[in-house]
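Peer 1: below is the sequence, then the predicted model.
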Amino acid sequence: MALYEAAAEADVPEGGRVIVTLEGRSIGVYRIDGEYYAIHNYCPHEGAELCKGHIHGTTLPSNVAEFEYGREGQIVRCPWHGWEFDIKSGRSLFSDKVRTRSYKVEVLGGMVYVAIGKD
């Protein structure tokens, strides 16, 4: 697996993202609570640029007629049809079978690197 320079740490705002192209792949690099995550900028539903979607939280398990909101800044919503994905894992919120690719991230010397290739 090769590491590719994606961005300087300072270029990825806390709670935000940058979208980069590495090895012909569009990838969103996110910063959540000081940690970095990377997912494929492609919604598996219809191919929208997923990482251009709104970053937000979601409702958590709760009692009937109660709504508990949480995971703020950890969910991205596809800008076309609203499909939601966990930024940390790439998993969809609605099905265990649907996901977008997630990439390992390393920070070295103030730069954020994304690992691409076989493990």
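Peer 2: Great, that's in hand.
Peer 1: list the buried residues in stretch 33-50.
Peer 2: Tyr36, Tyr37, Ala38, Ile39, His40, Asn41, Tyr42, Cys43, Pro44, Ala48, Leu50 (16 or more other C-beta atoms under 10 Å). Placement of C-beta: from N, CA and C, glycine included.
Peer 1: need the contact list for the spatially most central residue of the chain.
Peer 2: Centroid-nearest residue in the chain, with C-alpha atoms, centre = their mean: Ile87, separated by 3.1 Å. Under the criterion of C-beta atoms under 8 Å, 6 or more residues apart in numbering, the neighbours of Ile87 are Gly28, Tyr30, Ile32, Tyr37, Ile39, Ile55, Gln74, Ile75, Val76.
Peer 1: and the third one, backbone torsions?
Peer 2: So that's Ile32. Ile32 adopts backbone torsions of phi -130, psi 120, taken as degrees, to the nearest 10.
Peer 1: okay, now stretch 26-46: how far is its last residue from its first?
Peer 2: Start-to-end span of stretch 26-46 (C-alpha to C-alpha, to the nearest Å) is 16 Å.
Peer 1: what mean pLDDT does that stretch have?
Peer 2: On average, the pLDDT along stretch 26-46 is 97.
Peer 1: ditto for stretch 111-119
Peer 2: Rounded mean pLDDT across stretch 111-119 is 90.
Peer 1: quick one: contacts of that stretch?
Peer 2: 1-9, 12, 20, 22-23, 25, 27, 29, 36, 38, 103-107.
Peer 1: on contacts alone, who are the packing partners of the strand of greatest length in the chain?
Peer 2: Using DSSP state E to assign secondary structure, the strand with the most residues in the chain is strand 68-77. Applying 3 or more C-beta pairs under 8 Å, 6 or more residues apart in numbering; DSSP states H and E, one finds that strand 68-77 makes contact with strand 25-32, strand 54-60, strand 84-86.
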